[in-house]
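J.: Got a sequence here, can you build the structure:
(2 chains)
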There are 2 protein chains.
Amino acid sequence: MTDLKQALQEQADNVEDVLDGLLAVPEGPESRLVEAMRYSALGGGKRVRPFLVCASASLFGVSEDSALRVAAALEMVHCYSLIHDDLPAMDDDDLRRGRATCHIEYDEATAILAGDALLTRAFEVLADEDTHADPKVRCKLVSELAKASGMAGMVGGQMIDLLAESRDLDIAEITRLQRLKTGALIVFACKAGAILGKSQDVKLQALRNYGHDLGLAFQIADDLLDVEASVEETGKQVGKDADRGKATFVSLLGVERAREQAQILSDQACKHLDVFDRGTDLLRAMARYVVNRRS
Amino acid sequence: MTDLKQALQEQADNVEDVLDGLLAVPEGPESRLVEAMRYSALGGGKRVRPFLVCASASLFGVSEDSALRVAAALEMVHCYSLIHDDLPAMDDDDLRRGRATCHIEYDEATAILAGDALLTRAFEVLADEDTHADPKVRCKLVSELAKASGMAGMVGGQMIDLLAESRDLDIAEITRLQRLKTGALIVFACKAGAILGKSQDVKLQALRNYGHDLGLAFQIADDLLDVEASVEETGKQVGKDADRGKATFVSLLGVERAREQAQILSDQACKHLDVFDRGTDLLRAMARYVVNRRS
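T.: Predicted coordinates for the structure are as follows:
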């Protein structure tokens, strides 16, 4: 676990540097926009998705520069989704990663635009030849990230989540919601290394399956934290889903069965990695970590 | 002029069909999201940008299918920007193209997500091999559209526009604002044909310059319409900039000089097209149309 913590920290530092370079503040009044983007993208978060990109890329001998640019682009998409999710018209959250959310620190209009610009910048970064020499690989990255984050992925999941406030979902529906809302980006993160490495289908598929199970385990663990942890530990408001009477894995399964389910998924995620001879220690440690973390 | 109107209508119908196919409504609760996307992207607008893509593509013998996919992707970006621009936290508009704006017809959260999903879908469409056989061309399209619509383009311009509400801009600042906010996408539309046709630099540059002057002429004409036309003619609220005391080309130059300036830019736009031997009739007609239109 110490190795994982160290690797997470190292990758977080690396991706921070790359994000810092990709979000340079321009001259002129639009500097406020880029400052808001930096406020939300820099200096926070566990950077789980960037870590997964780099860990999967290392399985295929992909250059660290390539992997970090994809990791940074993915983190921009993740951060844009948090900015828009926190808006008053959506989840109306004031606190994120222990700090004021973007629309509180700036204003709503700036937050909407900062989110829009982060999403757009992500695709610009992926399409740039600095990301990979082969334009086919770059197109595949754009295409897969767009699918994972768009109407048939993350944004579709956010829509279902909004509608879930007026209707209780059952376990199949919640599973689908989470697969779209949070799972799709995690799956992309895990596949990204294989795409960069132009890998054969069986390895890409194994990483996809790993990401799928990991993502669900991650979400169940999040629901458990929401009922068990404190604001200080998570850096965001807790108990919100329960307060709103929204169905979660925990409300549907109960704490014990939810915890068991997360553990089963974590074990299953590791099993998918058996197709690789070696190099999967960190990915396996991550699968254990997501179900045992306290924040 | 009749030819232009007919060509505009034909291209509008064609791009409508392509958008219809690219925004198929899925099963499940997220259908509401796609319906909101369709509400804002289909059945309205003059489709000036799609027309420019197709007209520039025709100069290079690009297949109509390719051009229409790029046109549709660009129109998705344009429509997303309108949805977010109309939000209460931004321009707070209730009326667009003679109909209720997206957040009025649906709700704010759905409108935010519909905009996000349209932007994302645009890049997915560009990166898809159906758009062009050469992945280098597809990457270039993604890259250029991202630049034109992101923090150094349209969204940067929207940020400057927001800040302009608290401070009067001079003519240089307004010109820069419009170059970013509306000009960048129009320039992309004009360049898109050359990118699809893998054209030499001089022709790409000519189309860029045409788009630059056309975009500014278009915006000045818009400002003129805002003080002169009626709600019935434009299908949106008029006189809003003046009511807010916001500086526009018209408030800074006066009606007469603004009209002259638009005409000069329109003529200049046509001049750039002289590098082409033939095939530019519709683009020239468009340059005349934008300064003479009544809506």
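J.: mind checking how far A:Y80 is from chain B?
T.: According to Cβ to the nearest Cβ, to the nearest Å, A:Y80 stands 8 Å off from chain B. For glycine as for every other residue, the C-beta is placed from the backbone atoms N, C-alpha and C.
J.: Pretty sure A:P88 sits against A:E108.
T.: Yes - here A:P88 reaches A:E108: they are 6.7 Å apart, a contact under Cβ atoms under 8 Å.
J.: for the nearest residue to A:G28 once chain neighbours are set aside, what are its contacts?
T.: Of all residues beyond its chain neighbours, the one nearest A:G28 is B:I160 (7.4 Å), with distances taken as Cβ to Cβ, 6 or more residues apart in numbering or on different chains. B:I160 makes contacts with A:28-30, B:173, B:176-177, B:180-181, as judged by Cβ atoms under 8 Å, 6 or more residues apart in numbering or on different chains.
J.: What is the longest helix along chain A packed up against?
T.: Among the elements of chain A assigned as helix by DSSP state H, the one spanning the most residues is helix A:201-228. With contacts taken as 3 or more Cβ pairs under 8 Å, 6 or more residues apart in numbering or on different chains; DSSP states H and E, helix A:201-228 sits against helix A:48-58, helix A:171-178, helix A:184-196, helix A:240-243, helix A:249-253, helix A:255-272, helix A:281-292.
J.: among the contacts of B:I160, who's most crowded?
T.: The member of the contacts of B:I160 surrounded by the most neighbours (other Cβ atoms under 10 Å in any protein chain shown) is A:E30, with 27 neighbours in all.
J.: next one: phi and psi at that residue?
T.: With angles defined as degrees, to the nearest 10, A:E30 sits at phi -70, psi 0.
J.: and it, what does it touch?
T.: A:E30 neighbours (Cβ under 8 Å, 6+ apart): B:151-152, B:156-157, B:159-160, B:180.
J.: Select from those the one having the most neighbours.
T.: B:M151 (29 neighbours).
J.: Going along the chain, name the strands of the stretch 51-200 of chain A.
T.: Counting by DSSP state E, counting those that start in this stretch, the stretch 51-200 of chain A has strands at residues A:95-96, A:99-100.
J.: Tell me which strands the last one pairs with, and in which orientation.
T.: Listed by DSSP bridges, the sheet partners of strand A:99-100 and their directions read strand A:95-96 (antiparallel).
J.: contacting residues for the spatially most central residue of chain A?
T.: The residue lying closest to the centre of chain A (Cα atoms, centre = their mean) is A:R49, at 4.8 Å. Applying Cβ under 8 Å, 6+ apart to A:R49 gives the contacts A:71, A:74-75, A:78, A:185-186, A:189.
J.: quick one: the nearest residue to it once chain neighbours are set aside from chain B, how far?
T.: If the residues on either side of it in the chain are set aside, A:R49 comes closest to A:A189, at 4.4 Å by Cβ to Cβ, 6+ apart. According to Cβ to the nearest Cβ, A:A189 and chain B sit 17 Å apart.
J.: Please state the backbone phi and psi of A:D93?
T.: Dihedral angles (degrees, to the nearest 10) for A:D93: phi -100, psi 140.
J.: For it, give me the pLDDT.
T.: Listed pLDDT for A:D93 reads 95.
J.: same thing with A:L4?
T.: On the pLDDT scale, A:L4 gets 93.
J.: same deal with A:V227?
T.: Here the pLDDT value assigned to A:V227 is 86.
J.: thought it was touching A:G254?
T.: No - applying Cβ under 8 Å, one finds A:V227 not in contact with A:G254, separated by 10.6 Å.
J.: neighbour-wise, which of these two wins?
T.: Counted by other Cβ under 10 Å, A:V227 and A:G254 do not tie: A:V227 has more neighbours, with 15 against 11.
J.: Name the nearest residue to the more buried one, ignoring sequence neighbours.
T.: Distance criterion Cβ to Cβ, 6+ apart; nearest residue to A:V227, sequence neighbours excluded, is A:V250 at 5.6 Å.
J.: Contacts only, for the one you found.
T.: So A:V250 contacts A:220, A:223-224, A:226-227, A:258 (Cβ under 8 Å, 6+ apart).
J.: Equivalent analysis for A:E16, please.
T.: So A:E16 contacts A:42-43, A:47 (Cβ under 8 Å, 6+ apart).
J.: now whichever strand or helix holds it and helix A:281-292, what's the angle there?
T.: Secondary structure from DSSP states H and E places A:E16 in helix A:2-22. Orientation of helix A:2-22 against helix A:281-292 (axes from the mean of the first three to the mean of the last three Cα atoms, to 10 degrees) gives an angle of 100 degrees.
J.: Pull out the buried positions in helix A:2-22.
T.: Neighbour counts over helix A:2-22 (16 or more other Cβ atoms under 10 Å in any protein chain shown) mark A:4, A:7-8, A:11-12, A:14-16, A:18-19, A:22 as buried.
J.: Residue ranges in chain A under the pLDDT threshold?
T.: A:1-2, A:230-245 (pLDDT under 70).
J.: How about A:R259: what's its closest non-neighbour residue?
T.: A:L224 (6.3 Å).
J.: hang on, that neighbour packs against A:E260?
T.: No - using Cβ under 8 Å, A:L224 makes no contact with A:E260, being 11.1 Å away.
J.: which of those two has more neighbours?
T.: A:L224 (19 against 13).
J.: Next, find the distance separating that one from A:Q261.
T.: Counting by Cβ to Cβ, to the nearest Å, the separation of A:L224 from A:Q261 is 10 Å.
J.: One more: A:S251?
T.: Where A:Q261 is concerned, A:S251 sits at a distance of 13 Å (Cβ to Cβ).
J.: again, but for A:I104
T.: 35 Å.
J.: cool, and A:L141?
T.: In terms of Cβ to Cβ, A:L141 sits 32 Å off from A:Q261.
J.: can you check A:H78 too?
T.: Counting by Cβ to Cβ - A:H78 and A:Q261 are separated by 24 Å.
J.: Looking at these two, which is more packed in?
T.: For A:H78 versus A:Q261, the count of surrounding residues by other Cβ under 10 Å is larger for A:H78: 23 against 17.
J.: who touches the more buried one in this structure?
T.: Counted by Cβ under 8 Å, 6+ apart, A:H78 has contacts A:45, A:49, A:185.
J.: can you count the residues close to the last one?
T.: A count of neighbours around A:L185, defined by other Cβ under 10 Å, yields 26.
J.: right, and it touches A:L74 too?
T.: Yes - assessed by Cβ under 8 Å, A:L185 is found in contact with A:L74 at 6.7 Å.
J.: Which of the three states applies to the residue of chain A positioned farthest from its centre?
T.: The C-alpha centroid of chain A is most remote from A:G28, which lies 31.8 Å away (Cα atoms, centre = their mean). Of the three states, A:G28 takes coil under DSSP: H, G, I helix; E, B strand; the rest coil.
J.: And it, how far from B:D85?
T.: 20 Å.
J.: again with A:V34
T.: 19 Å.
J.: ditto for A:A247
T.: Distance from A:A247 to B:D85, by Cβ to Cβ: 35 Å.
J.: can you check A:K147 too?
T.: 26 Å.
J.: So which of these two has more stuff around it?
T.: B:D85 (21 against 18).
J.: Hmm, the more buried one is touching B:D91, no?
T.: Yes - in terms of Cβ under 8 Å, B:D85 counts as a neighbour of B:D91; the distance is 5.3 Å.
J.: Which residue is the nearest non-sequential neighbour of A:L177?
T.: The spatial neighbour of A:L177 that comes closest, neighbours along the chain excluded (Cβ to Cβ, 6+ apart), is A:I160 at 4.7 Å.
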